[in-house]
Every structure is written in structure tokens, then in C-alpha cells.
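S.K.: predicted model follows, preceded by the sequence.
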Amino acid sequence: MAEKLSWSELRRVIATRAGVSEKKAGEFLSELQKQITEALKQDKVVKVNGLGTFKLQAVAPRKSVNVSTGEEIIIDGYNKIAFVPEAGVKELVESNGDTAKAKTPVPEVDPIQKLGAQATEIVDILGELGQSPEKKKPAAKKKPAAAKPKAEPVVEEPKVEPKVEPVVEEPKTENEAPYIPEPLRYPIEPDEEEKKPKRFHFMRDTLICVVVLLLLLLIGYFFLRGQLSGWLEKLTEPKPVQTEQVVEPQPVQEVQETKDVQEISTADIRKYDEFLLTEKITPGSRLAWISKKYYGDKAYWPYLYDANKDHLTNPSKINVGTPIRVPKLTDIQRDTTTAAFQALKEEAFSKVKEY
Amino acid sequence: MLTKDLIGLIASSSGLSKKDTEHLLTTTTAVVRENLMAGKTIQLQGLGALEIKERKERTIVHPRTGERTIAPSKNQLVFRPVDNLKEELKKI
């Protein structure tokens, strides 16, 4: 389809452009390839300025059905390479590609004009069909509705037609014909203009909502905690026997009791009976990444930290090669909305901040 | 890994200076971009191919109002990894 720029051509162009020998450019390119491959394996992400980012993405295992036997099978999880073009490059491609990929440059024509042009073509085709209507009757039936209203603007079309559609387009227009009636009913251009600001508002509103919700949650959490410990103090104060000696253990009790008040205590979700496996930290790996790999969501990383607390100090800085036990999560543990989980998360986060 | 680190690694293993490496890398990306714009597919040996693909125009329905509009066709830069790299990275 498209022309190719081969490895050797690329090497030659780079050599002349950068003013180095072809050999050197070739060495550089193979080194580039080697390092990117290596980095994908190690770091799982490589950013190349001026082009984009190569990422390694984990695809979770999924169920499927054997087509011939109807048996359920599990397709193993695997990694795939994802490429995200840089913002500038993406824009460039989106705006420019049109002229590039087709050898016949298609000038920017707004949709209405294009449709108008297509409609005239349909009218033409219909005219031809009218003379020999045996073959394409089903297609012809649908068309009249779209084509007849379009018959009027024919006066304008001569300007547009030669620019836009070469003869090759004809088979396409037939396929697209059923779609034409719908969009034409609406004034397309103004619609699109209206939508853009709407979408923008929608995004902004959602953002504001999320921020406000988060704030409310935080305030609520602190308020509740404050109140609870207040009540507990009242409960414990009347006991006169407890003097200075007992003062120290008190805070510990408080903490435990606060947690008991919630339906599921932190202790509950901290039981790890089964372990799936032990994974060693590789360069570039993180708890969140492991969590995503085995649990399907980054959010469960606090469990990984909690289960390995004995030999981890800072969850965000773990030495390469550190073994991480991956516990099996129960349904209760998987519920990230419980207060117990929030507390666990809070604790894990506090460890991050300490260092 | 960031571009900076990549440059550092290439420089140390190929014996080029960091400055030269950076220069080569920016030239490479510039050449790749230009050729992509010219509608060419870029073959990167051992890595894959970068090419521009057309996403056809399609009718879209506004989820709330049910309005139908045409999403114009656009071009997308896609990366197709080489088979053996793909297989190699599948199991890590």
C-alpha cells in the first residue's frame, strides 16, 4: 500500500543529514534498537522525544470458548507493546496525513459539500440505473429519499466535484448511500461547533465534582475520626482507676476500638492465608504494577505493602531483587470502598511520606 | 525510561559521545517524522514499523441527546512490532 522506508535508506538519510558516515549511523540505529528492546524488558516504558512512548502493557488472562468444541478455555495473560505518539506528532499526523497517504491530494472539503458531491454522484448513478434497473434495485430503493432533495443544489456542484471525487469513488458511494439520509437531516456544521464547548464544560464539571467529593470525603474522615476518639475519651475518662501509668496504652486501645466500630476492621482484611506466588522486584517495577498484573487493578497495592511489611520500609522505594509475596485477595479485601481499606491505604501512604 | 537515559545508554555502549548520540537521535526522529508525513512506512529493524493509518469517518451518536453526527476521518500513527519481539515480550 504505502511506500516503505527501509532500514538502509533510513541509515543513509540520517548519515547525510547528521554529517556522519553511514557505518556510524548504522551502528547508532542498531544500538538504538537494542537499547529500546532492552529498556522495554527492564523498565517497561521507553520515551523517545520527538516520536512517542513505547510501553509494555499487561493483558490480563481472560476466558474464551473453543470454537469447535464449545469448551471454556482460559487465554493466558501476556504483555503487549503499546505505542503512544507524542502530542505534537499526533496532531501533525492527524492534520497532515490526508495529503500524504493518498497520492491524489484531497483538499479539505467540509462534510456538507462532500455529501452534496456524493449525492450528485448518486443522482448520476441513479440516472444510469433508471435505464437498466434490473441489477441494483435494492440499492436504488433506498436512494431516492436522499437523492431527490439533493437534486436542487446541483447548480453549485460543478465547482466541487472535479476537486473531490475521482471515478474510483463510485463503488464507495454505493456502500455509503444508506448512511446519507440520516446525517443530512441535521445541519452538521453548527452542531459540531456547539458540541465542542459542551464537551469542555462537561469535562470541567466532572473534574470539579471529583475534587469537591474528594474534599468532602477527607473532611468527613477527619471529622468522624475526631468525634469517635472524642466519644471514646468520654467513655474512658469516667473510669477513675486509670492513672498516669495507664495513659500510655490508652491511645493504642483507642485506635483499635475506632476500627472495631467500622463493619470490617483493618485486622480482618489483613489476613493473608494464601499466597499466589512470590515475585522479585525488577528494575522499573513497582507495587502498583505488580498489583495491576495479578489483581487487575493498581489500587490494591497497599495489600502488597502490608503483606511484605516485615522487609519493606518505603513502598515507593524498593530495592531491585526484593521478593514480594503476592497474597490471594478475598472479596472483602477487594472492596476498596471499605473504611478499613482506606485506613490501610492511608497507612501505606504515610510510609511513603516518611522518607 | 526517559530519552535522557536512553541517550546515556546508547552513548556508553556504542562509544559515541552523548552530544553526538543526542544529535543522531534528534535527526533520526526528525527523519522518521518527515517520512511519515510523506506517507511512508518506517521500518525499524528488530523493532517494528511505524505507519500512518486512516481511521474512516463514522457516524456517532450523542449519548445524551441521541443526535447523530459524523466523526470525520482522521489519521493515526500506529506502531506494529516485529513478530519475534512481540513474542519475546509476551512472556516476561
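M.R.: Ah, there it is.
S.K.: give me the residue from the stretch 201-350 of chain A nearest chain B.
M.R.: In the stretch 201-350 of chain A, no residue comes nearer to chain B than residue A:284, which is 7.5 Å away by Cβ to the nearest Cβ. All C-beta spots, glycine's among them, are computed from the backbone N, C-alpha and C.
S.K.: just say helix, strand or coil for that residue.
M.R.: Secondary structure state of residue A:284, per DSSP: H, G, I helix; E, B strand; the rest coil, is coil.
S.K.: pretty sure it sits against residue A:41.
M.R.: No: using Cβ atoms under 8 Å, residue A:284 makes no contact with residue A:41, being 9.4 Å away.
S.K.: count of residues packed around residue 79?
M.R.: Assuming you mean chain A. For residue A:79, the tally of surrounding residues (other Cβ atoms under 10 Å in any protein chain shown) stands at 20.
S.K.: wrong chain, I was asking about chain B
M.R.: Other residues near residue B:79 come to 19 when the count uses other Cβ under 10 Å.
S.K.: where's the nearest residue to it once chain neighbours are set aside, which helix or strand?
M.R.: With Cβ to Cβ, 6 or more residues apart in numbering or on different chains as the criterion, residue B:79 has its nearest non-adjacent residue at 3.3 Å, and that residue is residue A:83. Element membership of residue A:83 [criterion: DSSP states H and E] is strand A:78-85.
S.K.: could you measure from residue A:332 over to residue A:276?
M.R.: 17 Å (Cβ to Cβ, to the nearest Å).
S.K.: likewise for residue A:316?
M.R.: Counting by Cβ to Cβ, the gap from residue A:316 to residue A:276 is 23 Å.
S.K.: quick one: secondary structure of residue A:325?
M.R.: Three-state assignment for residue A:325 (three-state DSSP): strand.
S.K.: OK, contacts around it?
M.R.: Taking Cβ atoms under 8 Å, 6 or more residues apart in numbering or on different chains, we find residue A:325 in contact with A:272, A:275, A:278, A:307, A:308.
S.K.: so what's the residue count around the closest residue to chain A within chain B?
M.R.: For chain B and chain A, the shortest gap (Cβ to the nearest Cβ) falls at residue B:75, measuring 2.9 Å. Using other Cβ under 10 Å, residue B:75 is surrounded by 21 other residues.
S.K.: show me what contacts the residue nearest to the residue of the stretch 201-350 of chain A closest to chain B when sequence neighbours are not counted?
M.R.: Excluding the flanking residues, the one nearest residue A:284 by Cβ to Cβ, 6+ apart is residue A:43, at 3.6 Å. By Cβ under 8 Å, 6+ apart, residue A:43 lies in contact with A:283, A:284, B:1.
S.K.: how about residue A:281?
M.R.: Residue A:281 touches A:318, A:319, A:320, A:321, A:322, A:323, A:324, counting by Cβ under 8 Å, 6+ apart.
S.K.: which among those end up buried?
M.R.: Listed as buried from these are A:318, A:324; burial here means 16 or more other Cβ atoms under 10 Å in any protein chain shown.
S.K.: ok, now how distant is residue A:81 from residue A:41?
M.R.: Distance, residue A:81 to residue A:41, using Cβ to Cβ: 11 Å.
S.K.: how about residue A:123?
M.R.: 59 Å.
S.K.: flag the least confident of the contacts of residue A:43.
M.R.: Among the contacts of residue A:43, residue A:284 carries the lowest pLDDT, at 70.
S.K.: burial measure for that one, as a count.
M.R.: By the measure other Cβ under 10 Å, the count of residues near residue A:284 is 16.
S.K.: same thing with residue A:44?
M.R.: Residue A:44: 22 neighbours (other Cβ under 10 Å).
S.K.: what does residue A:282 give?
M.R.: For residue A:282, the neighbour count with other Cβ under 10 Å is 15.
S.K.: what's near enough to touch it?
M.R.: Neighbouring residues of residue A:282 by Cβ under 8 Å, 6+ apart: A:42, A:320.
S.K.: the one 10 residues further on too?
M.R.: Applying Cβ under 8 Å, 6+ apart, we find residue A:292 in contact with A:58, A:298.
S.K.: what's the answer for the one 5 residues further on, then?
M.R.: For residue A:297, the set of contacting residues under the criterion of Cβ under 8 Å, 6+ apart consists of residue A:291.
S.K.: stretch B:8-24 - what's its average pLDDT?
M.R.: Here stretch B:8-24 scores 86 as its mean pLDDT.
S.K.: return the set of buried residues in that stretch.
M.R.: For stretch B:8-24, a neighbour-count test (16+ other Cβ under 10 Å) marks B:8, B:9, B:10, B:11, B:14, B:16, B:20, B:21, B:22, B:23, B:24 as buried.
S.K.: report whether the lengthiest helix in chain B contacts chain A.
M.R.: Secondary structure of chain B read by DSSP state H shows that its longest helix is helix B:18-37. Yes: residues of helix B:18-37 contacting chain A under Cβ under 8 Å from any Cβ of the partner chain: B:20-21, B:23-33, B:35-37.
S.K.: how near is the residue nearest to residue B:79 to residue A:45?
M.R.: Residue A:83 sits at a distance of 11 Å from residue A:45 (criterion: Cβ to Cβ).
S.K.: please enumerate the shared neighbours of those two.
M.R.: Common contact partners of residue A:83 and residue A:45 (Cβ under 8 Å, 6+ apart): A:53, A:54, A:55.
S.K.: show me the contacts of residue A:325 that map onto helices.
M.R.: Of the positions in the contacts of residue A:325, residue A:307 sit in helices, assigned by DSSP H.
S.K.: selection in ChimeraX covering whichever of the contacts of residue A:325 are buried, please.
M.R.: In ChimeraX, this line selects whichever of those come out buried by 16+ other Cβ under 10 Å:
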select /A:272,307,308
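S.K.: so which of the contacts of residue A:43 comes closest to residue A:60?
M.R.: Minimum distance to residue A:60 across the contacts of residue A:43 is 19.7 Å, recorded for residue A:284 (Cβ to Cβ).
S.K.: quick check: phi and psi on the closest one?
M.R.: Note on residue A:284: backbone dihedrals following degrees, to the nearest 10 are phi 90, psi -10.
S.K.: contact partners for it?
M.R.: By Cβ under 8 Å, 6+ apart, residue A:284 lies in contact with A:42, A:43, A:44, A:45, B:1.
S.K.: in JSON lines: those, plus distance to residue A:220 and secondary structure.
M.R.: Below are the contacts of residue A:284 laid out as JSON lines (distance: Cβ to Cβ, whole Å; DSSP: H, G, I helix; E, B strand; the rest coil):
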{"residue": "A:42", "distance to residue A:220": "43", "secondary structure": "helix"}
{"residue": "A:43", "distance to residue A:220": "39", "secondary structure": "coil"}
{"residue": "A:44", "distance to residue A:220": "37", "secondary structure": "coil"}
{"residue": "A:45", "distance to residue A:220": "37", "secondary structure": "strand"}
{"residue": "B:1", "distance to residue A:220": "41", "secondary structure": "coil"}
